[in-house]
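> below are the sequence and a predicted model; questions follow.
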Number of protein chains: 2
Amino acid sequence: MKNGTHKKQTATTRRSAILERLSSEGEVFVLELATEFDVTPMTIRRDLEALEGQNALTRTHGGAIFSKQSVAEFAFLERNRTSIAEKRAIARAAAAMVAPGMRIVIDTGTTTLEVARALGNVDGLQVLTSSLAVASALHTFPQMEVVLLGGNVRSNSPDLSGSLTEDNLRKFRVDLAILGADALDERGLYTTDLGIARVSEAMIDVAEETVLVSDSRKLSRTSFVKFADWHAIDHIIVDNGVAAADRSWLDDCVKHVHYVSGGKAC
Amino acid sequence: MKNGTHKKQTATTRRSAILERLSSEGEVFVLELATEFDVTPMTIRRDLEALEGQNALTRTHGGAIFSKQSVAEFAFLERNRTSIAEKRAIARAAAAMVAPGMRIVIDTGTTTLEVARALGNVDGLQVLTSSLAVASALHTFPQMEVVLLGGNVRSNSPDLSGSLTEDNLRKFRVDLAILGADALDERGLYTTDLGIARVSEAMIDVAEETVLVSDSRKLSRTSFVKFADWHAIDHIIVDNGVAAADRSWLDDCVKHVHYVSGGKAC
DNA sequence: ACATAATCGAACATTAAAGAACATTTGTGC
DNA sequence: GCACAAATGTTCTTTAATGTTCGATTATGT
């Protein structure tokens, strides 16, 4: 696989390419990499030096070997990388609803992922999830028991769905379900994927209490599949950018509406 | 897709176009984008700067790559990073046993992970696994259906175990189980973790045929839990560094013993 | 239509990346 | 242990990308 067509690339990509090669072959050599990437050996050495500084590898004479750590990674694209600040604030408010020792289920989605990240210092949780990203965010915390539901791995999306996921869910009972949605209107909750919708439904069924986390721009919109009515939702946490018109039906539909801004609930 | 017809667009649409391009290609370059959108490189840089501020990407010299935030990682330590060459040869031999359209289950382990990586160009597989690393290696291949078994996520180890995993497994029937082990002797197969052992047992139960992949240095050793007798194993694939003493009992115990060296089976 | 802010381009200063030459260390065979 | 070769480190230089500032242009809101 010598690519004579030396493709243009930046230092950063060359370095991650080195790491990739390292993880597949276990060892790399300076001269080999130099011809491969069409740069001088000196450049490769500097790359290896930098990577060693990040504990990504261990240098040897003539090359480098794998350092103890290796990662399995699921790359995915977060669609709405926009309103991070709101999502964080919403996530903090949701995390505040979780007490030590609770059993909870966390849905897939970017906002729910933020909730999971905010859950780091809650002790003794049992967490059920269909999201690989959530499992990834939580599995390093030793005081937490993380159960990943089984199911089909969707390509380009770090989550699980299918009948196995649904069946697995119904074996459990949890105190709280933390849910996301792609769109909301006065009739209910919507998402784009049928499989995900069915999993979310099952989560609602097995939870004593449900909380929906969403930013305000999802209101008064619809999407492909409706997966729940409002009476299934006990709490909604939303940022305070809600239009007045939305606010009226929201207060009618949901028992507890929590508006948060900049980090603290109002 | 060079659009000579540079249609006028706002900064925001250009930025989301950049993000889209990034998500489809994984990397973007300043000069490339500049000609593509018919603006100066400076403008692109400002775009990238703004997008980086939103955590949407990470800038590099010359361009930008995906933000690490949109990657779910499961860090783990690969113990025997030594005999890579043997493992890959073993993995190739194992992958050769897998025909298009088969249903298989893959155990957790570094050698089985290599098998998964070698399975990239086999079409129409249905793969069942308890290993997050295997799922990670396979989930990008669109022609493959990857089912992750549910279960407890072990901290510091990218795999699943527990009663949920075992129960899930028994819902399936597969053509082939690809198994690993931590140690082998004439009495059977051993591993260090009870949970993993039970999962491996279940995999044997649900498979029509079983193949064990192992490097020769695991022979004539034991570990904490014995999880199978040799009559449960139909094939073993091992490198040809096997001592003569081991070879004798190995040939007795297992129906089909395949020795591989340097990349080709003998 | 007007004011205002956002956006963009151009010139110049700054900084990072990569190569080259030479000094130094490391590994290996005798 | 010594010598030789290969690999590595150091320093300097060149090139290219980046940042800065300012002025011009284009949206945007009242």
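Ah, there it is. Residues are numbered from 1 along each chain as shown, chains lettered A, B, ... in the order given.
> count of residues packed around the residue of the stretch 101-250 of chain A found nearest chain B?
Per C-beta to the nearest C-beta, A:G150 is where the stretch 101-250 of chain A lies closest to chain B, at 3.1 Å. (Glycine included, C-beta is placed from N, CA and C.) The local packing of A:G150 (other C-beta atoms under 10 Å in any protein chain shown) involves 28 other residues.
> what does the one 5 residues further on give?
The number of residues packed around A:S155, counting by other C-beta under 10 Å, is 15.
> list the buried residues in stretch A:132-144.
Residues A:L132, A:A133, A:V134, A:A135, A:S136, A:A137, A:L138, A:H139, A:F141, A:M144 are the ones in stretch A:132-144 that count as buried (16 or more other C-beta atoms under 10 Å in any protein chain shown).
> what subset of these is also close to chain B?
A:L132, A:A133, A:A135, A:S136, A:A137, A:L138, A:H139, A:F141 (C-beta under 8 Å from any C-beta of the partner chain).
> can I get the residues you listed in JSON lines with secondary structure and pLDDT?
JSON lines is the format used below for those (DSSP: H, G, I helix; E, B strand; the rest coil; pLDDT from 0 to 100):
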{"residue": "A:L132", "secondary structure": "helix", "pLDDT": "91"}
{"residue": "A:A133", "secondary structure": "helix", "pLDDT": "88"}
{"residue": "A:A135", "secondary structure": "helix", "pLDDT": "91"}
{"residue": "A:S136", "secondary structure": "helix", "pLDDT": "86"}
{"residue": "A:A137", "secondary structure": "helix", "pLDDT": "88"}
{"residue": "A:L138", "secondary structure": "helix", "pLDDT": "90"}
{"residue": "A:H139", "secondary structure": "coil", "pLDDT": "85"}
{"residue": "A:F141", "secondary structure": "coil", "pLDDT": "86"}
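> quick check: the two most widely separated of the residues you listed?
Greatest spatial distance among those (C-beta to C-beta): A:L132 and A:F141, at 16.0 Å.
> ok, A:K255 - contacts?
Contacts of A:K255 were listed using C-beta atoms under 8 Å, 6 or more residues apart in numbering or on different chains, and they are A:I233, A:D234, A:H235.
> thought the second one was touching A:I204?
In this case it means A:D234. No. Contact criterion C-beta atoms under 8 Å: A:D234 and A:I204 do not qualify, at 10.0 Å.
> quickly list what's touching both of those two.
Joint contacts of A:D234 and A:I204 (C-beta under 8 Å, 6+ apart) are A:T210.
> looking at the two, which one has more neighbours?
Neighbours per residue, other C-beta under 10 Å: of A:D234 and A:I204, the larger number sits with A:I204, 21 against 17.
> which stretches in the stretch 151-266 of chain A count as helices?
With helices called from DSSP state H, counting those that start in this stretch, the stretch 151-266 of chain A shows them at A:163-169, A:194-206, A:244-253.
> show me the one of those that comes nearest DNA strand C.
Closest to DNA strand C of the helices of the stretch 151-266 of chain A, according to C-beta to the nearest atom of the strand: helix A:244-253, at 24.8 Å.
> any idea how far the closest one is from the chain center?
Offset of helix A:244-253 from its chain centre (C-alpha atoms, centre = their mean, to the nearest Å): 29 Å.
> what mean pLDDT does that helix get?
Mean per-residue pLDDT for helix A:244-253: 90.
> ok, now stretch A:181-201?
95.
> and for A:M42, the neighbour number?
With other C-beta under 10 Å as criterion, A:M42 counts 10.
> that one: what secondary structure?
Recorded secondary structure, A:M42: helix (DSSP: H, G, I helix; E, B strand; the rest coil).
> for A:T58, which non-adjacent residue is closest in space?
Leaving out its chain neighbours, the residue that sits closest to A:T58 by C-beta to C-beta, 6 or more residues apart in numbering or on different chains is A:S67, at 4.7 Å.
> quick check: the gap between the residue of the stretch 101-250 of chain A closest to chain B and B:A197.
Separation of A:G150 from B:A197 (C-beta to C-beta, to the nearest Å) stands at 19 Å.
> ok, the closest residue to A:A197 other than its chain neighbours - contacts?
Spatial nearest neighbour of A:A197, excluding adjacent residues (C-beta to C-beta, 6+ apart): A:F227 at 3.8 Å. By C-beta under 8 Å, 6+ apart, A:F227 lies in contact with A:A181, A:G188, A:L189, A:Y190, A:T191, A:A197, A:R198, A:S200, A:E201.
> for those, could you give me a markdown table that also reports neighbour count and distance to DNA strand C?
As requested, these are exported to a markdown table (neighbours: other C-beta atoms under 10 Å in any protein chain shown; distance: C-beta to the nearest atom of the strand, whole Å):
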| residue | neighbour count | distance to DNA strand C |
| --- | --- | --- |
| A:A181 | 27 | 29 |
| A:G188 | 18 | 35 |
| A:L189 | 29 | 33 |
| A:Y190 | 20 | 30 |
| A:T191 | 25 | 31 |
| A:A197 | 22 | 36 |
| A:R198 | 19 | 40 |
| A:S200 | 30 | 36 |
| A:E201 | 16 | 40 |
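> now, the most widely separated pair of those?
A:G188 and A:R198 (14.7 Å).
> list the residues that contact A:G109.
Residues near A:G109 by C-beta under 8 Å, 6+ apart: A:S131, A:G180, A:A181.
> please disregard the earlier target; I meant A:L219.
A:L184, A:D185, A:V238, A:V242, A:A243, A:D246, A:L250.
> any idea how far the first one lies from A:N121?
When distances are taken as C-beta to C-beta, A:L184 and A:N121 turn out to be 30 Å apart.
> repeat that for A:A34.
47 Å.
> so for these two, which sits in the more crowded spot?
Higher neighbour count among A:A34 and A:N121: A:A34, with 16 against 9, using other C-beta under 10 Å.
> give me the phi and psi angles of A:T111.
Here is the backbone geometry of A:T111 (degrees, to the nearest 10): phi -70, psi -40.
> report how many residues lie close to it.
Neighbours of A:T111 under the rule other C-beta under 10 Å: 25.
> check A:N55 too.
As a burial measure, A:N55 scores 10 neighbours (other C-beta under 10 Å).
> pretty sure it sits against A:S67.
Yes. Counting by C-beta under 8 Å, A:N55 touches A:S67, with 5.9 Å between them.
> so where do the strands sit in the stretch 1-150 of chain A?
Under the criterion DSSP state E, counting those that start in this stretch, the stretch 1-150 of chain A carries strands at the ranges A:27-29, A:57-60, A:63-66, A:69-75, A:103-106, A:126-129, A:145-148.
> give me the contact list for the last one.
Strand A:145-148 is touched from outside by A:125-130, A:132, A:135, A:138-139, A:160, B:148, B:150-153, B:160, B:162, B:164, with contacts defined as C-beta under 8 Å, 6+ apart.
> please state the offset of that strand from the chain centre?
In this view, strand A:145-148 has its centroid 15 Å away from the chain centroid, taken as C-alpha atoms, centre = their mean.
> can you check the third one too?
Its chain's C-alpha centre lies 31 Å from the corresponding centre of strand A:63-66 when counted by C-alpha atoms, centre = their mean.
> partners of that strand, with directions?
Applying DSSP bridges to the sheet, strand A:63-66 is found paired with strand A:27-29 (antiparallel), strand A:57-60 (antiparallel).
> how many residues are close by the residue nearest to A:H258 when sequence neighbours are not counted?
Spatial nearest neighbour of A:H258, chain neighbours left out: A:I237 (4.6 Å); criterion: C-beta to C-beta, 6+ apart. Under the neighbour criterion other C-beta under 10 Å, A:I237 is assigned a count of 26.
> same question for the one 3 residues further on.
A:N240 has 15 neighbours, counted by other C-beta under 10 Å.
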